[in-house]
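Trainee: Dropping a prediction and its sequence here:
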Amino acid sequence: MPPFAGAVLTGGRARRFGSDKCAYRYRGATLLEHALASLREAEERMIVGGPERSLPGVRWIPDVRPGLGALGGVHAALLASPTPWLAVTACDVPFLPALLWRLLLALADDALLIVPEGPTGLEPLAAVYHRDLVPQVEERLDAGARSLHGLLDVAPGRVVPWSELRDTLDADAFLNANRPEDLP
């Protein structure tokens, strides 16, 4: 498995959540702390975007191009990453296991992004991205794109089907908490 850095995107507005979802306490930790725990094997862990947050052993990275959604957050994280590979998640995905990153990075070859499929579809906020994607990300940002989904159309990538992951990961691994009541 190649070395990797980890980034948690925190720049969302959390309108549906009703409060700062990264600071929301759930099962003894904040949602941000749960997301960072999934990245415990990373060479470096970063919090990207949103208000500056300070946690021991974690670096905060401001958005290079604020207000440009998840694609803007991935852009800032790729530019700041000390390693070629970067695992990316969001603070509202608290059940990702560290095993996911090992599974995805074991497939690292000539792909520049490796995106898992969960029970409900593609999971670009639980994926690994290579630093060589920066030009494609910048082109998409310059064109007004904010979504991560379109990167698979413009860069060599690999999708890992849910059928290959479901025996190893819980169905809740990709649960996205848009509201407090989404959490079991």
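Mentor: The structure has been received and is ready for your questions. Numbers count the residues shown, from 1 in each chain.
Trainee: could you say what helices and strands the helix or strand harbouring I47 packs with?
Mentor: According to DSSP states H and E, I47 maps onto strand 45-48. When contacts are defined as 3 or more C-beta pairs under 8 Å, 6 or more residues apart in numbering; DSSP states H and E, strand 45-48 sits against strand 4-9, helix 31-38, strand 58-61, helix 69-80. Glycine gets a C-beta too; all of them are placed from N, C-alpha and C.
Trainee: who touches it?
Mentor: For strand 45-48, contacts defined as C-beta atoms under 8 Å, 6 or more residues apart in numbering pick out 5-11, 32, 36, 39, 53, 55, 57-61, 63, 73, 76-77, 80-81.
Trainee: 7 Å instead, please
Mentor: Strand 45-48 is contacted from outside by 5-10, 36, 39, 53, 57-61, 73, 76-77, 80, using C-beta atoms under 7 Å, 6 or more residues apart in numbering.
Trainee: What pairs with it, parallel or antiparallel?
Mentor: For strand 45-48, the pairing partners within the sheet under DSSP bridges are strand 4-9 (parallel), strand 58-61 (parallel).
Trainee: which one of those strands has the most crowded surroundings?
Mentor: Each of the strands paired with strand 45-48 was scored by mean neighbour count; the highest is strand 4-9, a mean of 28, by mean count of other C-beta atoms under 10 Å.
Trainee: centre of the chain versus that strand, how much separation?
Mentor: 7 Å (C-alpha atoms, centre = their mean, to the nearest Å).
Trainee: May I have it as CSV, with CA atoms only?
Mentor: Extracted in CSV, the C-alpha atoms of strand 4-9 (Å, rounded to 0.1, in the frame of the first residue of the first chain):
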residue,chain,number,x,y,z
PHE,A,4,-1.1,8.5,1.9
ALA,A,5,-2.3,11.6,3.6
GLY,A,6,-5.9,12.0,4.8
ALA,A,7,-8.2,15.0,4.5
VAL,A,8,-11.6,15.7,6.1
LEU,A,9,-13.6,18.3,4.2
